[in-house]
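what follows is a protein structure lacking sequence information:
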């Protein structure tokens, strides 16, 4: 088989697909891209068995055939070329020859049939989501996922589709994010847990894309289709924790504050906090928020005062500053509100402005119980 | 024990029996460590200069101290104590406090136990022992001196106040020559005199120990009998009336158990690093899961959080008849070092209750 393709066009596609490939594979064939040529259409796939991503490229060819080419070698080579047409020619001795304006390069290929087939979804349901909506949903939630092997369900993002709207939830048991869209609706109710890796890939590709993405899903798999790309992945099996139960309903203490100011203060003060606990202390009284941290081991100490709008009882509450910075960082609002009840109950962080129509973000963070 | 070192010497060497002997103090500047009862008649006392003792009792026989032997006898005596209770707080080689409120022989009378202990000591070592029996360590200690040698004295609760009131101030354990002199100057000669003083006054004149004696003379002393044995672990567990399967119920039980562990930790003033969850299934198979933290814990919350993690770590294999939490890796090994660590507050990251 033989085809001609633009070097930069191919590189761009392969770089996206390359994100799927693991650094070390038990199955050597997974170190390859699968090239499936059918006339002017070339389908390239990459897989780690859990996730498979495919892109269909337009090439110049009259042939057809399937081969698997070593991913690293190919990417390393393509990166060095300025834009130019490349000719791929399959030879009898199990090599593919690439010819460029500069010269010729031969690489060994494997039989395309060795490459594991992507699962085909049986009896799927479908929802169409604008690309930027899905990207924002992922960005807003993925940072809150856990890494605990003992609770695999919490290492993914929980997708909850209904006729009312879409809900995306992530939690690591310390922090929790619930991202809701009431402007995008599903035709029927569905719940599944998406693993982190394919979501990170999607997040990278989608960005601000206005394109509609078709999300198909069944019990065990999900498939995302957009433009020329398809991503199929296995879902995380298990029951997602009942997150609604941990969102406190009564929160008499409400703080409203400039997000940037708050974030900067937390960042600065946390430099002085204990290096393992990253613990900071918020003291709120009247219209003043006092943020302090102390690292007793090194006698480091910091304290800042901010004016805020506060309704509620004077209170003192401890937080892991990393959780707070992550959350504040992931919000776009210029003002945020923090609702609290007790020093041992979750604080609820919500943006006050900067939201799209139908968009709602609820972030929960569990406090550090201060022992003195 | 009565004239412990001297008695041991007399026991080991029949030639010395019935004679005034002094252990130690034979050298130029030596001090008598112990005097036999025969020597005491002459006024020879322990801690007396050897030369003076010789002057008081020209026939006094000086014997070299043999601590190894005394320790050996002491171990025999202690073994006897442990036959009756584990709550033994040694005061010296030959004295100890025993808490026999709950004892291994199931005898409710402490007076009877005292006589049994003395009898067993006689059997084991051939030595005489005296005992004091009362409601707290202080009164027991004072009482033990009353019927020495080879006797015992019980101060029952109803006599405690009277006993303390008539007690000569010099007999108060802890009040030595110097303090007694000071007390005399202030007109305190008996417990009754001491009792007439206010707490503030005692604090002003005798400092901390003055306040201590304010309580003591009222028969109040909360000091526990502290066994010297180094604690290796501390645990609490519960067997359920009915086997339980629901993790929700287990959580509730764990809450109680963690509370009990925390209470015991506080009582024994220890903290531990390793938290072990013990699960006994309905078929009596026993499983333990443990986690070692990098700091010492004693608060209920941390113990409970860790125990919960351990509970969820694996699925239950069966219904559960017993749950227990134990703490090991205790800070008893280097208590001093721990003191400074303990002062550092341990803050706990709270989790969602999934």
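Received it, and whenever you're ready, just let me know what you need. If you're wondering where the values come from, they're calculated on a predicted model, not measured in any experiment. Numbering: from 1, shown residues only, chains lettered A, B, ... in the order given.

which positions in chain B make contact with chain A?
Proximity of chain B to chain A, by CB under 8 Å from any CB of the partner chain, involves residues B:299, B:301, B:312-313, B:344-354. Placement of C-beta: from N, CA and C, glycine included.

just give me the least confident of the residues you listed.
Taking the residues of chain B next to chain A together, the minimum pLDDT is found at residue B:344 (51).

element containing the residue most central in space within chain A?
Nearest to the mean C-alpha position of chain A, by CA atoms, centre = their mean, lies residue A:200 at 3.5 Å. Residue A:200 is part of helix A:196-206, with elements assigned from DSSP states H and E.

widest-spaced pair of the residues of chain B next to chain A?
Spanning the widest gap among these are B:344 and B:354, at 29.8 Å by CB to CB.

circling back to that earlier point, now do the buried residues in the helix holding residue A:200.
Residues of helix A:196-206 classed as buried: A:196, A:197, A:198, A:199, A:201, A:202, A:203, A:205, A:206 (neighbour count, 16 or more other CB atoms under 10 Å in any protein chain shown).

then stretch A:42-62?
By 16+ other CB under 10 Å, the buried positions in stretch A:42-62 come out as A:42-48, A:50-57, A:59, A:61.

which positions in the stretch 51-200 of chain A make contact with chain B?
Selection of the stretch 51-200 of chain A residues close to chain B by CB under 8 Å from any CB yields A:150, A:151, A:171, A:173, A:174, A:176.

for those, which one is nearest chain B?
Checking those against chain B with CB to the nearest CB, the nearest one is residue A:173 at 4.6 Å.

which residues in the stretch 251-354 of chain B form helices?
With helices called from DSSP state H, counting those that start in this stretch, the stretch 251-354 of chain B shows them at B:300-313, B:335-343.

starting at the chain centroid, how far to stretch B:222-234?
Distance of stretch B:222-234 from its chain centroid, counting by CA atoms, centre = their mean, to the nearest Å, is 7 Å.

list the contacts for residue 201?
Let's take chain A. Counting by CB atoms under 8 Å, 6 or more residues apart in numbering or on different chains, residue A:201 touches A:16, A:19, A:20, A:51, A:53, A:231.

I was after chain B.
Applying CB under 8 Å, 6+ apart, the residues near residue B:201 are residue B:210.

show me where pLDDT drops low in the chain?
Answering for chain A, as no chain was given. In the predicted model of chain A, residues A:371-372 satisfy pLDDT under 70.

wait, chain B
Counting by pLDDT under 70, the ranges of chain B that qualify are B:28-29, B:228-230, B:333-346.

coming back round to it: compare residue B:344 and residue B:354 and say which is more crowded by neighbours.
Neighbour totals were compared for residue B:344 and residue B:354, and residue B:354 leads with 16 against 13 (other CB atoms under 10 Å in any protein chain shown).

neighbours of residue A:138, just the number please.
Counted with other CB under 10 Å, residue A:138 comes out at 24.

surely it is within a strand?
No. Applying DSSP: H, G, I helix; E, B strand; the rest coil, one finds residue A:138 to be helix, outside a strand.

need the contact list for the residue in the stretch 51-200 of chain B positioned nearest to chain A.
Closest to chain A within the stretch 51-200 of chain B is residue B:199: 30.2 Å, counting by CB to the nearest CB. The contact partners of residue B:199, by CB under 8 Å, 6+ apart, come to B:211, B:214.

change it to 6 Å
Residues counted as contacts of residue B:199 (CB atoms under 6 Å, 6 or more residues apart in numbering or on different chains) are residue B:214.

cool, and residue A:280?
Contacts for residue A:280 (CB under 6 Å, 6+ apart) come out as A:269, A:270, A:273, A:293, A:319, A:321.

what do you get for residue A:330?
residue A:140.

for chain B, see how far away it is.
The gap separating residue A:330 from chain B is 19 Å, by CB to the nearest CB, to the nearest Å.

residue A:45 now?
Relative to chain B, and taking CB to the nearest CB, residue A:45 is found at 37 Å.

and the angle from the helix or strand hosting that residue to helix A:196-206?
Element membership of residue A:45 [criterion: DSSP H and E] is strand A:41-47. If you take axes from the mean of the first three to the mean of the last three CA atoms, to 10 degrees, strand A:41-47 sits at 140 degrees to helix A:196-206.
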